[in-house]
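Student: okay, structure incoming, though there's no sequence with it:
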């Protein structure tokens, strides 16, 4: 058996975005799959523009995007190009890329050459094979010295990139994004979201966020344990993401390690070794809370990278989303006060959207 990571003739269109005068920004090159409407194409362009206005990294992100009929209640799905890197090299790149006080704090609290982790459901768990009981793994083996990050994130950190051709992509790409054409979408979030529609631009921005590096390897652990697969020894789980290095629980913080377990205990974002409790993460579809770990905790209105979306719900990019991107190596554009107020107003609209509406979760195929 082997560890499983879930994964999945076209028109070609390039879309680039101009940053404000004097400000660098990511450029997103889109290739649209056949049948993607002009409205949907513009929706993807508007979503990318949101990230271009947020980040100041001078990189090019190549995406294949489109719409297609998908099953069940899935709104959309995405796959991102990812690659293994030595943790020590990754930390050095973060150190060289520091541009904010948050970066300074985050890098200062990252271990120098190897990181410890709480883990469970492994074949060599000292509490018994595949036991759900967490244990501390800090023996310096491959899973303590390797990170698995997206190619877009590696570009932002000036790290080597191995080009990939993902299923669904047109040639090499950094990500593939697809939405369910069977569902009703509102393509203009500027005047709110229709009560019987989904926020297309917000959803597209969400999936682009995964491509940029808002990912977690905990889902690999969550899936690769009985009854699904495995069990496997801990040193085979070399899928700790850049975001996972800020994933803590009270138990892991007391051990001086990240929390990389698959269970329902609360996990939170922290840039200072777990001392300060930030927004919570989802904890896994199988052994956790039912949501993929590469998201904020559901039903807490934490940000764009929440795991679900409701009819009529506006999906804004929040301070939590910005904080996470800053920590994993991106540089942020300043947020004008007017924009801060708009973000707060959007959060109030989100609160109204939660009440009594059915929610659909969307799956990643990272």
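Tutor: Yep, it's here. As the structure is a computational prediction, the values presented were derived from the model and not from experiment.

Student: what's the first-to-last distance across stretch 159-179?
Tutor: Length of stretch 159-179, first residue to last, CA to CA, to the nearest Å: 31 Å.

Student: what mean pLDDT does it have?
Tutor: Stretch 159-179 carries an average pLDDT of 94.

Student: skipping its backbone neighbours, what lies nearest residue 76 in space?
Tutor: For residue 76, ignoring the flanking residues on the chain, the nearest one in space by CB to CB, 6 or more residues apart in numbering is residue 179 at 4.1 Å. C-beta: built from backbone N, CA, C; applies to glycine.

Student: in its sheet, what does the helix or strand hosting the one you found sit against?
Tutor: Assigned by DSSP states H and E, residue 179 belongs to strand 175-180. Take DSSP bridges as the rule and strand 175-180 pairs in its sheet with strand 60-68 (parallel), strand 76-80 (antiparallel).

Student: ranking those by burial, who's on top?
Tutor: strand 76-80 (a mean of 26; mean count of other CB atoms under 10 Å).

Student: any low-confidence regions in the stretch 251-366 of the chain?
Tutor: Low-confidence segments of the stretch 251-366 of the chain, defined by pLDDT under 70: 336-366.

Student: count of residues packed around residue 119?
Tutor: The tally of other residues near residue 119 (other CB atoms under 10 Å) stands at 25.

Student: wait, a strand at residue 51?
Tutor: No - with DSSP: H, G, I helix; E, B strand; the rest coil as the criterion, residue 51 is assigned helix and is not in a strand.

Student: tell me, how many residues neighbour the residue nearest to residue 76?
Tutor: Residue 179: 27 surrounding residues under other CB under 10 Å.

Student: mind checking what helix or strand follows the strand holding residue 179 in sequence?
Tutor: With elements assigned by DSSP H and E, the helix or strand that comes after strand 175-180 is strand 185-186.

Student: starting at the chain centroid, how far to that next one?
Tutor: The gap between where strand 185-186 is centred and where its chain is centred comes out at 23 Å by CA atoms, centre = their mean, to the nearest Å.

Student: stretch 170-178 too?
Tutor: 16 Å.

Student: mind listing what's buried in it?
Tutor: Residues of stretch 170-178 classed as buried by neighbour count (16 or more other CB atoms under 10 Å): 170, 173, 174, 175, 176, 177, 178.

Student: give me the nearest residue to the residue sitting nearest the centre point of the chain, chain neighbours excluded.
Tutor: Central residue of the chain (CA atoms, centre = their mean): residue 214, 2.0 Å from the mean position. Ranked by CB to CB, 6+ apart and with sequence neighbours excluded, the top spatial neighbour of residue 214 is residue 305, at 5.1 Å.
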